[in-house]
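**Student:** structural data only, the sequence is not supplied:
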């Protein structure tokens, strides 16, 4: 009879449009414990192919992926069974099926990039401020609908439910592509700024006249640059990292305020769409570098610009996921307890 090893190793890839991070997790199958071992992060443009990137990751980690029991690819885009395709494109083809075969990987699972982050909310230590920072603690319903989103190069999102016996259900959504609503009950000055900003966006060369104005275009990628250029009425278009430097130095207060207001408008919209008694969990490079956005008074004003069911919504927790290693632990949790849409468990290590 074949002896089943008590411990297994899992490699979780967190693949974005510009960067790839990989973490190694050790799972104790009998004690149901997850232990973070190590991680590395590399920029895609520093390599000329997926195979070259993989070799770089293995060199940094000091291990071969073929020696890992389970591999998860959590990537931005849509996987067709052969290639991970991103709307705006990767620097080179992400042909994971061919890669896994050529490098003799024992097992590979490709999922939406925010699957691990959603699962991370199931196992995070809510009392550890280095892991989770509560902007509004509310009253957490552990089995209530929860949503997670991240502001970075794009606007990633996932909703889900924690079920009994560590099972779970995950939704299929693309919230970043939702159009920005007209705030139903904002202050007159806020409505005026909102109208002027939307008109300004229509003048941008990278936004066609017939293109919808989405939250992703305002809060992610070039969004901070557009906000800052609008606020300062400048002809110069700063890069996002240059605007970030100004925010950190306290030299872009108006930009910070408007960014916080639009983030609040997004949060208020998500509250109404999902009624997430399990909390709204935020992450991504923009928020992790600029937590002051979520602490700004304009955030609350943006939320209250959509006032329906506000008494019920006051109980919904709002938090920032701060520990970057939680994405790797969440990925391992998914592979250990993954469930179908009906909540039926799948063998973790078949």
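**Tutor:** Great, that's in hand. Keep in mind that what you see is a predicted model, and the values were worked out from it rather than measured.

**Student:** helix or strand right after the helix or strand where residue 54 lies?
**Tutor:** Assigned by DSSP states H and E, residue 54 belongs to helix 50-61. Next in sequence after helix 50-61, counting helices and strands by DSSP H and E, comes strand 70-75.

**Student:** run the chain-centre distance for that next one.
**Tutor:** 15 Å (Cα atoms, centre = their mean, to the nearest Å).

**Student:** do the same with stretch 72-85
**Tutor:** 16 Å.

**Student:** which parts of that stretch are buried?
**Tutor:** By neighbour count on 16 or more other Cβ atoms under 10 Å, the buried set for stretch 72-85 is 72-77, 79, 83-84. C-beta: built from backbone N, CA, C; applies to glycine.

**Student:** what's in contact with that stretch?
**Tutor:** Stretch 72-85 is contacted from outside by 10-17, 86-87, 90, 93-98, 108-116, 154, 156, 327, 331-332, 334-335, using Cβ atoms under 8 Å, 6 or more residues apart in numbering.

**Student:** so which of those residues are in strands?
**Tutor:** Using DSSP state E, 10-15, 108-112, 156 are the members of the contacts of stretch 72-85 that sit in strands.

**Student:** which one among those sits at the bottom for pLDDT?
**Tutor:** pLDDT across the ones in strands among the contacts of stretch 72-85 is lowest for residue 156, at 87.

**Student:** where does this protein have low pLDDT?
**Tutor:** 1-5, 176, 205-206, 208-209, 339-350 (pLDDT under 70).

**Student:** would you map the strands across the stretch 251-350 of the chain?
**Tutor:** Remark: strands assigned in the stretch 251-350 of the chain by DSSP state E, counting those that start in this stretch are 280-283, 318-321.

**Student:** columns mean neighbour count and distance to residue 254 on top of those strands, output as TSV?
**Tutor:** Output for the strands of the stretch 251-350 of the chain, formatted as TSV (neighbours: other Cβ atoms under 10 Å; distance: least, Cβ to Cβ, whole Å):
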stretch	mean neighbour count	distance to residue 254
strand 280-283	24	22
strand 318-321	21	23
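
**Student:** so which of those is nearest residue 140?
**Tutor:** For those, the distance to residue 140 is smallest for strand 318-321, at 9.1 Å, taking Cβ to Cβ.

**Student:** direction included, what does the closest one pair up with?
**Tutor:** Strand 318-321 sits in its sheet next to strand 132-136 (antiparallel), strand 280-283 (parallel), going by DSSP bridges.

**Student:** bridging residues for the residue nearest to residue 57 when sequence neighbours are not counted?
**Tutor:** Ranked by Cβ to Cβ, 6 or more residues apart in numbering and with sequence neighbours excluded, the top spatial neighbour of residue 57 is residue 22, at 5.2 Å. With DSSP bridges as the criterion, the beta-bridge partners of residue 22 are residue 13, residue 40.

**Student:** other residues contacting the helix or strand in which residue 192 is found?
**Tutor:** Per DSSP H and E, residue 192 falls inside helix 188-201. Contacts to helix 188-201, defined as Cβ under 8 Å, 6+ apart, come from residues 180, 182-183, 186, 207, 213, 217-218, 226-227, 230, 258, 261, 301, 305.

**Student:** narrow these to those in helices?
**Tutor:** Taking DSSP state H as the definition of helices, the contacts of helix 188-201 contribute 217-218, 226-227, 230, 258, 261, 301.

**Student:** number of nearby residues for residue 166?
**Tutor:** Residue 166 has 14 neighbouring residues, counting by other Cβ atoms under 10 Å.

**Student:** I misspoke; the intended subject was residue 233.
**Tutor:** Quick note: residue 233 (other Cβ under 10 Å) scores 7 neighbours.

**Student:** distance of it relative to residue 247?
**Tutor:** Note on residue 233: its distance to residue 247, by Cβ to Cβ, to the nearest Å, is 18 Å.

**Student:** tell me which residue is most central in this protein.
**Tutor:** residue 150 (3.4 Å; Cα atoms, centre = their mean).

**Student:** kindly report the domain assignment for the protein.
**Tutor:** Domain segmentation of the chain under automatic domain parsing yields 7-124+325-337, 132-321.

**Student:** endpoint to endpoint, the longest one covers what distance?
**Tutor:** Meaning domain 132-321. Using Cα to Cα, to the nearest Å, the span of domain 132-321 from its first residue to its last is 5 Å.

**Student:** one more: stretch 296-314?
**Tutor:** Stretch 296-314: ends 17 Å apart by Cα to Cα.
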